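J.: no sequence on this one, just coordinates:
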Ligand SMILES: NC(=O)c1ccc[n+]([C@@H]2O[C@H](COP(=O)([O-])OP(=O)(O)OC[C@H]3O[C@@H](n4cnc5c(N)ncnc54)[C@H](O)[C@@H]3O)[C@@H](O)[C@H]2O)c1
């Protein structure tokens, strides 16, 4: 019996930026399905969401995909409704959407007002909107688990204003959600990943020569060092290697949605808890 057997999970950003490695949202969706959840994958890219759903169904799991841009409240609301229509409830809301340089992030002196507003709309407002529209159903059910994805950039010297500021705000948003909704049986937790070997974070930053080396773990670690302050812009911390870990073998794999009782926890997560190679 899986740790989330019979639960329904809605993942915003459950597709991934195209590339060789696996994105966090897709990995989370696959793991939740392996642990018994029925998963609705919402992503701005329907194609990418469908790919995740296909991978899950290929393993015998249950998953559906829907297009939803978190910048648009109506689309967020429609995704929540789709989850309720498909599975009758939302036990787990996982908010994975987030980006930095792809949204025009920059240092304070270079950041434009347009990019600043866009980063806040995608990284922070979208997360609040998903919670806003999922909470009524969770309250009615008297249970629910919200997992928001922040970043270690929130707590470290990250160079770009938009990402660092929104990821710090995601922690406060989650604390607010947890304290305001505990009385309804709803938990809210926030994960602060360190650098993960995902296409969004790593591939744009890697010199071409590094790609060949990444088939070995030592090669990957060397390449991550090269990428530290590259255009991926994702590494505020001393880098850790992205060794894939087996299901349940690492404390980093204990997704808060699967940990009974935890709420308002901000969990730093170093290393990649990958769904690959399991
Ligand atoms: N990869 C890392 O090193 C790292 C480190 C710390 C935190 N994070 C956080 O983890 C999360 C996922 O990162 P990832 O590296 O797997 O990236 P990713 O790009 O693979 O995943 C993000 C997903 O969100 C989707 N998306 C983007 N904008 C959207 C929008 N407006 N509406 C709906 N969907 C949208 C993308 O299509 C993609 O599928 C992000 O919140 C990121 O900030 C990543």
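T.: Done, it's in. Not measured: the values here are computed from a predicted model.
J.: count of neighbours near residue 8?
T.: Using other C-beta atoms under 10 Å, residue 8 is surrounded by 21 other residues. Placement of C-beta: from N, CA and C, glycine included.
J.: Quick check: closest non-adjacent residue to residue 35.
T.: In space, and not counting its chain neighbours, residue 35 is closest to residue 2: 3.6 Å by C-beta to C-beta, 6 or more residues apart in numbering.
J.: The one you found: how many residues sit nearby?
T.: When neighbours are defined as other C-beta under 10 Å, residue 2 has 16 of them.
J.: Just list the residues touching the residue of the stretch 51-200 of the chain found nearest the ligand, thanks.
T.: For the stretch 51-200 of the chain, the residue closest to the ligand is residue 98, as judged by C-beta to the nearest ligand atom, at 2.2 Å. With contacts defined as C-beta atoms under 8 Å, 6 or more residues apart in numbering, residue 98 is in contact with 13, 122-123, 149, 151, 163, 166-167.
J.: need the residues of this structure near the ligand, please.
T.: By C-beta under 6 Å from any ligand atom, the residues of the chain that approach the ligand are 12-13, 15-17, 23-25, 43-45, 48, 68-71, 96-99, 122, 149, 151, 193, 195-196, 198-201, 234.
J.: Could you turn the buried ones of these into a PyMOL selection?
T.: Burial among these is assessed by 16 or more other C-beta atoms under 10 Å; the matching PyMOL selection reads:
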select buried, resi 12+13+15+16+17+23+24+25+43+44+45+48+68+69+70+96+97+98+99+122+149+151+193+195+196+198+199+200+201+234
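J.: Mark which of the residues of the chain next to the ligand are part of strands, please.
T.: 12, 43, 149, 193 (DSSP state E).
J.: Now compare the residues you listed and name the two farthest from each other.
T.: Farthest pair in those (C-beta to C-beta) is 43 and 193. Separation: 18.4 Å.
J.: Please, which helix or strand holds residue 4?
T.: Using DSSP states H and E, residue 4 maps to neither a helix nor a strand.
J.: Kindly provide the distance from it to residue 154.
T.: Using C-beta to C-beta, to the nearest Å, residue 4 is found at 27 Å from residue 154.
J.: Can you tell me which helices and strands whichever strand or helix holds residue 75 packs against?
T.: Assigned by DSSP H and E, residue 75 belongs to helix 73-87. Counting contacts by 3 or more C-beta pairs under 8 Å, 6 or more residues apart in numbering; DSSP states H and E, helix 73-87 packs against strand 8-12, strand 38-43, strand 62-67, helix 126-141.
J.: what's the angle between the second one and strand 8-12?
T.: Calculated by axes from the mean of the first three to the mean of the last three C-alpha atoms, to 10 degrees, strand 38-43 forms an angle of 10 degrees with strand 8-12.
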